[in-house]
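Chemist: Predicted structure and sequence below. I'll ask about it afterward.
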Protein chains: 8
Amino acid sequence: MDRLKNLLEEVASGSLAPVDAMERFYGMGLSFEELGHTKLDLSRCSRRGVPEVVYGATKTAEQILEIAIHLDNAHQTVLCTRVSEDKAQVICAARPDFVYHSVPGIILKRQPESPAPRGLVAVMSAGTSDLPVLEEAAICLEAMGSKVERVHDVGVAGIHRLFSAAENVLRRANVVIVIAGMEGALPSVVAGLTDVPVIAVPTSIGYGASFGGISALLGMLTACSGGIGVVNIDNGFGAAMLAHLINCPAHHID
Amino acid sequence: MDRLKNLLEEVASGSLAPVDAMERFYGMGLSFEELGHTKLDLSRCSRRGVPEVVYGATKTAEQILEIAIHLDNAHQTVLCTRVSEDKAQVICAARPDFVYHSVPGIILKRQPESPAPRGLVAVMSAGTSDLPVLEEAAICLEAMGSKVERVHDVGVAGIHRLFSAAENVLRRANVVIVIAGMEGALPSVVAGLTDVPVIAVPTSIGYGASFGGISALLGMLTACSGGIGVVNIDNGFGAAMLAHLINCPAHHID
Amino acid sequence: MDRLKNLLEEVASGSLAPVDAMERFYGMGLSFEELGHTKLDLSRCSRRGVPEVVYGATKTAEQILEIAIHLDNAHQTVLCTRVSEDKAQVICAARPDFVYHSVPGIILKRQPESPAPRGLVAVMSAGTSDLPVLEEAAICLEAMGSKVERVHDVGVAGIHRLFSAAENVLRRANVVIVIAGMEGALPSVVAGLTDVPVIAVPTSIGYGASFGGISALLGMLTACSGGIGVVNIDNGFGAAMLAHLINCPAHHID
Amino acid sequence: MDRLKNLLEEVASGSLAPVDAMERFYGMGLSFEELGHTKLDLSRCSRRGVPEVVYGATKTAEQILEIAIHLDNAHQTVLCTRVSEDKAQVICAARPDFVYHSVPGIILKRQPESPAPRGLVAVMSAGTSDLPVLEEAAICLEAMGSKVERVHDVGVAGIHRLFSAAENVLRRANVVIVIAGMEGALPSVVAGLTDVPVIAVPTSIGYGASFGGISALLGMLTACSGGIGVVNIDNGFGAAMLAHLINCPAHHID
Amino acid sequence: MDRLKNLLEEVASGSLAPVDAMERFYGMGLSFEELGHTKLDLSRCSRRGVPEVVYGATKTAEQILEIAIHLDNAHQTVLCTRVSEDKAQVICAARPDFVYHSVPGIILKRQPESPAPRGLVAVMSAGTSDLPVLEEAAICLEAMGSKVERVHDVGVAGIHRLFSAAENVLRRANVVIVIAGMEGALPSVVAGLTDVPVIAVPTSIGYGASFGGISALLGMLTACSGGIGVVNIDNGFGAAMLAHLINCPAHHID
Amino acid sequence: MDRLKNLLEEVASGSLAPVDAMERFYGMGLSFEELGHTKLDLSRCSRRGVPEVVYGATKTAEQILEIAIHLDNAHQTVLCTRVSEDKAQVICAARPDFVYHSVPGIILKRQPESPAPRGLVAVMSAGTSDLPVLEEAAICLEAMGSKVERVHDVGVAGIHRLFSAAENVLRRANVVIVIAGMEGALPSVVAGLTDVPVIAVPTSIGYGASFGGISALLGMLTACSGGIGVVNIDNGFGAAMLAHLINCPAHHID
Amino acid sequence: MDRLKNLLEEVASGSLAPVDAMERFYGMGLSFEELGHTKLDLSRCSRRGVPEVVYGATKTAEQILEIAIHLDNAHQTVLCTRVSEDKAQVICAARPDFVYHSVPGIILKRQPESPAPRGLVAVMSAGTSDLPVLEEAAICLEAMGSKVERVHDVGVAGIHRLFSAAENVLRRANVVIVIAGMEGALPSVVAGLTDVPVIAVPTSIGYGASFGGISALLGMLTACSGGIGVVNIDNGFGAAMLAHLINCPAHHID
Amino acid sequence: MDRLKNLLEEVASGSLAPVDAMERFYGMGLSFEELGHTKLDLSRCSRRGVPEVVYGATKTAEQILEIAIHLDNAHQTVLCTRVSEDKAQVICAARPDFVYHSVPGIILKRQPESPAPRGLVAVMSAGTSDLPVLEEAAICLEAMGSKVERVHDVGVAGIHRLFSAAENVLRRANVVIVIAGMEGALPSVVAGLTDVPVIAVPTSIGYGASFGGISALLGMLTACSGGIGVVNIDNGFGAAMLAHLINCPAHHID
C-alpha cells in the first residue's frame, strides 16, 4: 500500500494531476500487461510471494509461448503447468532455453538471479501412480525456492513402509505434502505422527467408487486428524504454493 | 433340495396328488408364516445358518411384538434391531423375558438350547462415537453363536493405539469387523496388518463432507488394501451376519 | 524416537527383559489412558504440538466430563468443541472452573502455566451468520496459544468492506483463516491480496443450491487463487489447528 | 393474439369454414415448416423477439445446412451454434456466403436488412480459457442486434484487473454477462459493484472438484449478491438471448 | 467514481493530507456502519439501485431488530426476509410500525417518501404450494418500487389454465418471474410464448426425486427455450431483485 | 376437441361474437374453478379419465377442505393424498362424510353414482415397511374404479415367498404394481415372470446407502428385465393412476 | 405353470423318475440354450409376450452373431439393439438376411409367420436430436407387432407445434411414448392432454446441467401430471416393450 | 511379531547393537525392496496370506515389467491385473514365460512350487457382458490357490436360469462371488438361497441411470439379504482376495 501513499503524495505535491492519478490508480501496485486474450499479472510475485504460474491445460501452445516470453522478458521465473507433450514440442522448439519435465508436464525456466532454495518441504505419495502429481508439486516448489525431499509409495496398505521411510524426513521438514488417491487415508496417518502442517492432495488415481478422486477428497476433508489443509484433486501446484508460503514465510515468524 | 426330492418321491409313490404337490411346492423347504402384514420366514435359520432378524426401525411396536412372539413360539432366537426406547418399553412390558440393549437398540431373547459361542470375531471401532454400531455387531454375533472381542477407539489419528490394542486380537480372530466414520481409513490399515478377512462398516459419524457416512463408505470401497468386504452405512447387523458365516462356516473348511 | 533408542539400550543393558520390552514398545512415546469407551491420547501435545481436543457432538455429557477431568488432571488444556447448551449445563455444574462459550459451543479451561499467546492469525468471516464458526476457530486458536484478530462480515457482495477492514490485518498476520458460506468466494479474493497462507473454511450457511456447504466447499477447492488450504465444512477447529501449526511452528523457520 | 381474433372474425363473417379454421388454428401465429426431422419455427422472431437459433452439436452437417437454407430463404438471420470444424467445412463449401467463427463454432449470415446494433451489453470473462463461451455470447448478441463490449481475463485472483478494466464499461452497459469457471466468484463481485442486471455463465473450465462446471454453477446460484440470473454451463447463447431481451426490450420501458 | 475524483482533488488542493485520504479512501462511496457482528451497507441503494435487504433465517431476532432500526434511521426501506413467526413477534413488539407478512415471512417498512410503483412484473406460480415463494418475490418487488401482477397455479399438467390466465399479463409485463417445483417445466413453456425476459425460480416443493428442488433447478437450467435466467431454489427475493433491475432500469433504455 | 369445433360453429352461425369466443376459448373443454390460491381442474376426469386428486402434503387443512368441498359439489370423487393426522382431524370434523385412511394418509369420498370396480391390478410390496405406499396405491386405484389384490412382503431375500404368493395373482392381473425399498430388486424378478406391464415404485425405506430411495429408484430404472415403468419415490398415487389407465383403457383395446 | 403340473403328473404316472424330474424341473417351462458365455432364454416370448432381445453394446460381433443365429434357428424374431456400424458390418456380411438400421443401431430379422401389426402406439420426440431413441423405440415396437406413428420435434419451446401435430394421434393411440432430453418437460404436458398411459424416455441430449440425461430423468420422475411411467435414459427398447404390453395386452381387457 | 521378539533377544544377548536394531526395526518382518518409483512389499504373502498383486492400469509397461521380474526373482507368484494389450505385448516379449489372459487383462506366472488349489469358490455373473470381471476374479483366485467354478449369465430377468445352474454349486462352495451390473439384484437373491458368505461385485455394465456401476453398487450395499460383503465396482481382484481368505483360512476354523 506504499504505492497508494506515494501516489497520494504526488497528488498532494502537485506533480500529478487528479485526473492522471485516477488512471494510474486502477493499475497501481497492481500492474499487469495486456496481451489481448490475457491480462498478465506481473506484480504477482511481489504481491503474493510467488510468481505468476501459467495453467497450460486449456491454453493453446501459442498462448502459452506468448505469456512465457513476456514473463521471461520481465525477468520472472517461467513456470507453466499441465502442458501436453505436443504443445511442449512447439514451445521448446521456439525457445530451447525452456526445459520440459514430461512426467508432470511442466515447462520451466528459472532466472539466473534466483536465490538458493531454502527450508524443507517433504512431498510424499501413497502409490507409484501418484508420481505425476508428486513431481508437479516438487518441481513447482523448487522453482519457487523451497528445498524438497521426495518420499514415494508409502501407502497405508503396508504401513511399515511409511514408518521406515518417513521417520527421518518428518523430523526435519517444515511442512509435509501428502499425495494419495483411492481412499486417501495417508494424510490422516501422517498428520497423527507429526507436529508440522500437512497439505493433502487427493489424486484421481483409482477406479469405480474412486469417482475420479472424490473418495480421496472426501477422505481428506473428513480426516480424523487435525492440522490438514486440502487442495483440489491432482492439484500439485496448489499444494506447492501453499507449502512454499509456509516454508518460506513472508514475515519473520519466531 | 432334499425336500424337493422327497416331495417328488411322494408323488411317484402316489401318496401325494400332483395338484396338492403344486400347492406345497411353492412353500417347500421354504415355509413361512402369514401374519398379514408380514410373511415370517421361519426356515431362514436352516436355509441361511442365521435366524430371521427383525429390522425394527420402520415397524410399529405392535408389529415387532407380534413377530417376536411367533419367533419365540417357534423356538428361534428373538433378535430385533433398531428398536427405539419407546417401542422397547411397550414390547418389554408385554414380554419381560425379552432383554433390551439400549445402546444399539436391540431386543434379544436367546433360546435355552442355544449352543455355546464358537470361534472368534474381533470387532474394532475407530472412535468412541461408533459405539452403537460396534454393539449392534457384537450383540448380533453373540446371538448367532460367535465369540466376540471388542476393541474400542483405535482410529488412525493416533495409530499407536491400534498397534498396541490390536496386535493380540488380530492373531487370534478368524475375521475382523472394522467400524469407522469420517474418512474410514481404519480398515485399510488393519487389512494391511492381518491375514484374515476384514469386514468394513462405514458409520454416519462425522459432519460436513462426511455426508452421513458417504466419505467413509467410499474410502472403504476404494481401500488400497485387498481382502475387505464392505456393508451398508451403520450396518452392524449385516457385518455380524457376514462375519458369523465366515467364523462358523456351514461346511467344514480345511 | 529417543524413547525407542532408550528402550533398546535398556534391553541391551539387561535391565529390561525382551518380553517386557515388547509390552512397553507398543505404548511407548505413545502413551494413552484407557477409559473403556475412549483411549485418551495424552501424548498428543508433545507429539503434535496441540493438545487433545474433545469433539463433543456425538459424546454424552458424562463421557465429555470424564475425558475433560482426565485432561485437567494431566495438566493439559481442556478444550471441548460442539458441546450443546444442555450438555454444558451438566458439565459446568460439576466443574465450575470450566468456562462455556455458547456461540461456538466450546468448553474451555486453560492451565495456569499456559504460555502467552504468540504471532498473529487473522480470522475473517463473509457474513454475520458465520459467527459460530469464526468463534470456534478463534477460541481454539487462543487456547492453543496463538494471538487472534477477528474481522466480521466482509463478504464479496460489498467488496469495499473487505478492502477497508482487511488491509491492516493482512499486513501483520502470519496466516489468515477465511470463513464463508454460500458461494465461498472470499478466500479467492483474499488470497489474491496477500502473501501469507490462507486457510478456507466453508460453512453450511445458505439454502437451496448451497446444499449444506457443498457450494462453498467446491468454490474453495477450485479457487483460481493459489495458496489456499481447505478444511471440512464448518470446521473451525481444524482451521485453527492448521493455522496454529503455521503461526507457531514446531521448528525455527528462517 | 390478434391473429386469433382475426381468425374468429373470418369465421364470423363466413369467409372461413369452421373445419378450415380448426386446421389453421393449430398452426396459427404459430407457423412452422415441416422438414421431416425438424419442425422449423419460422415465427419465433416475431413471437420471441429473437430468431430461431440452430443448436448444431447433435445435428448432422446435412441437417444444419438444410435448416440454415430454409431460414435464409425466409430472410431470417442464420445463426448456428456449436458447429464443429468438420461440419462447418461441409456447410460453408455448399454456402460460401455463410461465415464460420471457429473459436465458438458459430455459423452466421446476417440479412442485408438487419437493423444497426443498439444499446450495450458488457461481456466479461474470468480467464483466458473462457474465450469460446465469451465469443459465443458476443457473436450471438451482435447477430441479434445488440452492441457488445468484451472484457477478458478479469478473474478475482487479481481483482485489481477487474476494477481497472470494468469501471468504464459497467457505467455504460444496460446488462452485464459474466463468464467464469472454477469457483465462479466473479458474478458475485461484479453484481456488488453495479446497478444493472448480471447474467452469470458458469463454464466447464477447471479440473478435479470443478466437476465440469458444477462448482461454478453452484457458486453463481448461491451468490451472496442479488440481481444475478444464471444460465446453463457454457451456455453463451442462452446468456446472449436473455441479455438481448433486456438490452433491447420488446416494450418501451421508462 | 466522482467521489474518488473529489477526494483526489481535495488532496491536490491541499485541503486533505495524504494520510487522511488513505483512511477515507477505503470507506469511500462505499460507506458502511459497523454494528460489531455486521457491517451495514448503507450505500447499497445508490450503488445497486436496491436497498440493503436483511436475510433473517440465520440471524437472531435481536440482530435483525438492530439492523432494521439502523436502516429505518437512515431513511431506507426496511425489508427483512425469512423471518420466522417467533422472531417476528419479538421484532414487531418492539417496533409496531414494522409490518409482518406471515406467508413469506417478511418484515417490511416502506419510507413515506418511497416513489410510486412503476412498470409491471408478472409473478406466476405452477402450484398452490409455491405460494410463499411467490409472495416473497411479489412483496420484495413492491418494496423496491415495481408494480406486480400475481398469477397462481398455472402448472403444465393443465396447460389450458396457463393460456387462459397468462395471455393478458404476458402482453403487458416487462419481465416475468416463473416459480415452479417438481419438474420445473413452466418457465420453458412460458418463455416459448413471450418476448420479455423470464426469471425462473425453482422451489423445494415435491418429494422423492425432487430432491429438495434439484429436479426443478436442473429442468430450468436446461430449458429448451432461451431467454431464461435462473436463481437459487426458493429464492423469491433474488428473482425480485433481478426483475426490478430489468423493470426499472438504472439507465434509460430505448 | 369437439368443443372447439362447436365453438367455431357457434361463431360461424353468428350466435357467438368473436370477442366472447376468445374469452371462452381459453377455458374451453378446459374449464376450471378459480379459488384464488388454486385453479381447480374440474374437467380433468373427462380429459384424463381420472379425477383431480389433491396432494395434501404442502397445503393447509383449510385449503384441502375448500378444494374437497368444491370437488364434492361438482359430484366428483374426493381423493386427497398425504394428509397428516392433524389436518385430517380438522377436515373430517367439518365433513364427517369424508373417510380418513390413516396408514397412507388419504381422505376419500366416493360419489354414490361411482361405477363398480373393473379389471384387476395386483399391488405387491417387498417388505412390511412399504405398507403405506402399498395402501396409497391400492386405495387410489379403488377410488378410480379398478379392482385390486394386495400381496404383502414378498421381497427377494426369501424368494420362495414370492413364487408362492404371486403365482396366482400374476396370471389374472392386467397390470402389476411392485413396491420396494432398499435395493429395489423385486420388479426385475416379477417382470421376468409375467407378460403384463409392471409399474415399479421405489420407496424411501432403508438407511445409509439407500439415500432415501435413490438406490431403489436406480435399481428399478436399470432393471435387466424390460416392460417396467418407474414412478417417483413413494409415489403410490402415480403408480395407481398409470395402472388404472392400463387396467381400464380409455379406448377399446383388442 | 401347466408344464409344472404336467411334470408332476408324469411323475405320478410313473413315466418319469423323481431323479430325472429334478433335473428337468429347473430348466422347465423355463428352457434356455447354453452358449457358454450366454444362457439364451428361448422361452421368453411365451413367458413374457416379447421375444428375447439382444443388447449389443457390450457384446462382441461374434457373440451377437452366434446368439442371433440361434434365435433365427428357433424361428424367433432377431432383434439386436445398440449394434455399432463396425459390428453390424461383420454380422450382416455373414447373414445378408439380417437388416441393419443405422440410426438406432438395430439389427432385425422378422420371421415370415410374424402376425400383422396391431393397435397403435404414438412415439413423440421433443427435438431433432432425439431421433436415434425414437427410432429404437419405433423399430422395436414394429418388430414386436405394434403399429406405430412417429411425431418428431414437438418440444415445449414452441408448444403450438405439439398441439398441431399431436391432436390427431393422441385421440387414436392406446399408449404414447414421449422422448425428450434437456429439461424433459414434454411428458408432463402430453400427459395433461390425454387419457392414455404415457411412457417417458429421458435422453442424454443436452450439455452442462443436463448431466447426460439426469435433468430429463428427474423432470419426468417428478412430473406434476400423473399417469407417467419412466424408463432409463435413452432406453427406447424398454419403452417399446412396456408400450407393446399395454397396446397388445396378454389378456383381453374390456 | 516373532521377528520383533527375536530382534529384542538379539539385543539382549549383545549380538546386536541398539543403534543397528533401530535401523533394522523399521524394515523388520516388514521388508520391502526399493525400486525408486515403488517400494515392493515382498513380505506381503507371509503377512497377508496372498502375494503382492500389481495393479497395472496406471503403471507403464516398463514399471510393470521391472516389478514383475523382482517378484519372480523372489520366487513369488507374478500376478498383474488391468494390463492393456499393448503393455502386455512389451512385457511378454521380454518374458515369454509370463502368460497374458486378454479378457481380464492379466499377466500371470505361477511358481513351480505353488501348492495345489484347495476348497471351492463359486464365481457367478448376471450377464454375458460381466465376463471380464468374472475372469479377473477367477484367474486371481486360481493364482492364489483356490479352486473355482464359473457360472455365467444367471441374471434375475430369467430367474429359472439361476435355479437351474446354481443349485449344484451353491451346495458345495465355501464362498460365492456374485458379479452383476445394472440393478445389481443377483447377490440379494443368491444370498437368500445359501448359507455361505456372498461377495458382491458391482460392474460398470449398463448405461444411463447405471452411472458407471453406481446403481449396482447401491443395490448391493442395500440388499435386503444379510451376509453380503461388497467390493469396489469391477473389482474382481478384490473379491478374489477376500474369497480366498475365507476359502483357505489362515487359521484352522472348526
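Modeler: Cool, got the structure.

Chemist: contact partners of stretch A:53-72?
Modeler: Residues outside stretch A:53-72 that contact it (C-beta atoms under 8 Å, 6 or more residues apart in numbering or on different chains) are A:33, A:35, A:37-38, A:40, A:42, A:51-52, A:77-84, A:86-87, A:90-91, A:94-95, A:98, A:105, A:107, A:109, A:140, A:237, A:241, C:226, D:128-129, D:205, D:207. Yep, even glycine has a C-beta here, placed from its N, CA and C like the rest.

Chemist: What's the end-to-end length of that stretch?
Modeler: 12 Å (C-alpha to C-alpha, to the nearest Å).

Chemist: Pretty sure A:Ala122 sits against A:Leu162.
Modeler: No - between A:Ala122 and A:Leu162 there is no contact under C-beta atoms under 8 Å: 11.9 Å.

Chemist: quick one: the strand or helix carrying A:Ala240 to helix C:236-247, angle?
Modeler: Per DSSP states H and E: A:Ala240 is located in helix A:236-247. Following axes from the mean of the first three to the mean of the last three C-alpha atoms, to 10 degrees, one obtains 60 degrees for the angle between helix A:236-247 and helix C:236-247.

Chemist: What ranges does the stretch 151-254 of chain A have for its strands?
Modeler: Counting by DSSP state E, counting those that start in this stretch, the stretch 151-254 of chain A has strands at residues A:175-180, A:198-202, A:228-230.

Chemist: average pLDDT across the shortest one?
Modeler: Mean pLDDT, taken over the full extent of strand A:228-230, equals 97.

Chemist: Briefly note if that strand comes near chain C.
Modeler: Yes - using C-beta under 8 Å from any C-beta of the partner chain, strand A:228-230 comes into contact with chain C via A:Ile228, A:Gly229, A:Val230.

Chemist: Out of those residues, flag the one nearest to chain F.
Modeler: Within the residues of strand A:228-230 next to chain C, the smallest distance to chain F is 24.2 Å, found for A:Val230 (C-beta to the nearest C-beta).

Chemist: Can you give me the distance of the closest one to A:Leu131?
Modeler: Noted for A:Val230: a distance of 20 Å to A:Leu131, by C-beta to C-beta, to the nearest Å.

Chemist: Could you do A:Ile107 as well?
Modeler: Using C-beta to C-beta, which is the criterion applied here, A:Ile107 is 18 Å from A:Leu131.

Chemist: can you check A:Ile199 too?
Modeler: For A:Ile199 relative to A:Leu131 (C-beta to C-beta), the value is 18 Å.

Chemist: Comparing the two, which shows the higher neighbour count?
Modeler: Applying other C-beta atoms under 10 Å in any protein chain shown to A:Ile199 and A:Leu131 shows that A:Ile199 carries more neighbours, namely 29 against 24.

Chemist: Kindly give the local confidence score, pLDDT, for whatever residue of the stretch 151-254 of chain A ends up closest to chain E.
Modeler: Proximity of the stretch 151-254 of chain A to chain E (C-beta to the nearest C-beta) peaks at A:Ile214, 17.9 Å away. Here, the pLDDT recorded for A:Ile214 equals 95.

Chemist: and if you look at A:Arg48?
Modeler: A:Arg48 is given a pLDDT of 63.

Chemist: what is A:Glu149 paired to in the beta sheet?
Modeler: A:Ala122 (DSSP bridges).

Chemist: Was I right to think it contacts A:Met124?
Modeler: No - the pair A:Glu149 / A:Met124 is not scored as a contact, 9.1 Å apart, by C-beta under 8 Å.
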